[in-house]
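1. got a predicted structure here, sequence first:
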Amino acid sequence: AHTLFVGEHNTGDVMWHLKWLLNNYSKPSTFDSYWDFAPQNNDWYHWGPIKYLLYEYEESLTKTGVKLPWQTVAKKKLENSIEHILPQTPDEKEKYWLQRFSEEEIKIYLHDLGNLCLTFDNSSYRNFGFDRKRGKTGQEIPCYANSQLQQEKNLAAFDEWNVSKIRERRNTIVTWAKDRWNEDLSDYQSESEKSIEDQKIIEEDIQSEESSSIE
């Protein structure tokens with residue numbers, strides 16, 4: 001632990017220093033811009049925290065609690081917990097996708113955040129067209145409309161699925177994520193005199209710890 005935090009400190013000091021660390025390692029401007037640039041090749045599917053992100057998003061959508069325990073999601077394989085709305089292997093016999101997406105668009109938007117959804121098991125959806133996946137409330141065949149997960153139910157409100165819908169849904173999730181994890185550091189910024197003195201102390205502690213770890 002940094003020597004700055006050794007001994008007794010009041011809650012205000014501790015919170016201030018935590019905000020210093022957040023501002024130093026993840027400035028608000030950097031945090032916001034992070035969500036504006038997708039992972040390499042727009043591949044959110046293989047992005048490490050994707051399951052946690054979609055699980056937190058599900059929690060924000062439901063007031064009764066997520067019907068799928070996090071422990072179950074964490075243990076499941078990626079392909080069994082994340083649904084590609086536009087499927088990974090669009091079947092040539094399934095005209096729906098080929099009529100709405102070019103080969104280039106499929107490469108670009110397949111793993112897009114807006115095309116991914118938390119699911120119980122996507123094997124039931126396979127590579128069916130969106131109209132089949134969406135379904136209707138009350139039908140026996142598994143569909144988004146009958147899902148116990150709210151983000152799948154929300155998909156049933158879309159009349160179709162194409163590039164513009166993927167972008168729309170991605171923007172919705174990104175806006176939510178920025179609000180969910182962004183930290184207001186305005187009060188930290190106003191304490192300039194304190195920041196100059198304590199910044200030096202924290203930086204010296206960090207450099208000391210980094211030197212020790214290298215040795």
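-> Sure thing, it's come through. What you see is a predicted model, and the numbers here were worked out from it, not measured in a lab.

2. use CA for all of it now, contacts and neighbours both
-> Will do.

3. residue ranges with poor pLDDT in the protein?
-> Where the chain drops to pLDDT under 70, the residues are 1-38, 183-215.

4. what's the local residue count around Ala157?
-> Residues lying near Ala157 (other C-alpha atoms under 10 Å) number 11.

5. that one and Arg100, how far apart?
-> Distance of Ala157 to Arg100, computed by C-alpha to C-alpha, to the nearest Å: 18 Å.

6. try Asp91
-> Taking C-alpha to C-alpha, one finds Asp91 at 13 Å from Arg100.

7. got it, and Asp43?
-> Counting by C-alpha to C-alpha, the gap from Asp43 to Arg100 is 20 Å.

8. when these two are compared, which one has more neighbours?
-> Asp43 (16 against 13).

9. list the contacts for that one?
-> Shown in contact with Asp43 (C-alpha atoms under 8 Å, 6 or more residues apart in numbering): 111-112.

10. got the phi and psi for it?
-> phi -100, psi 80 (degrees, to the nearest 10).

11. Ile82 too?
-> phi -120, psi 120.

12. these two touch, right, it and Asn115?
-> No: judged on C-alpha atoms under 8 Å, Ile82 makes no contact with Asn115 at a distance of 9.9 Å.

13. same question for stretch 51-62: list its buried residues.
-> Buried residues in stretch 51-62, counting neighbours by 16 or more other C-alpha atoms under 10 Å, are found at 51, 54-55, 57-59.
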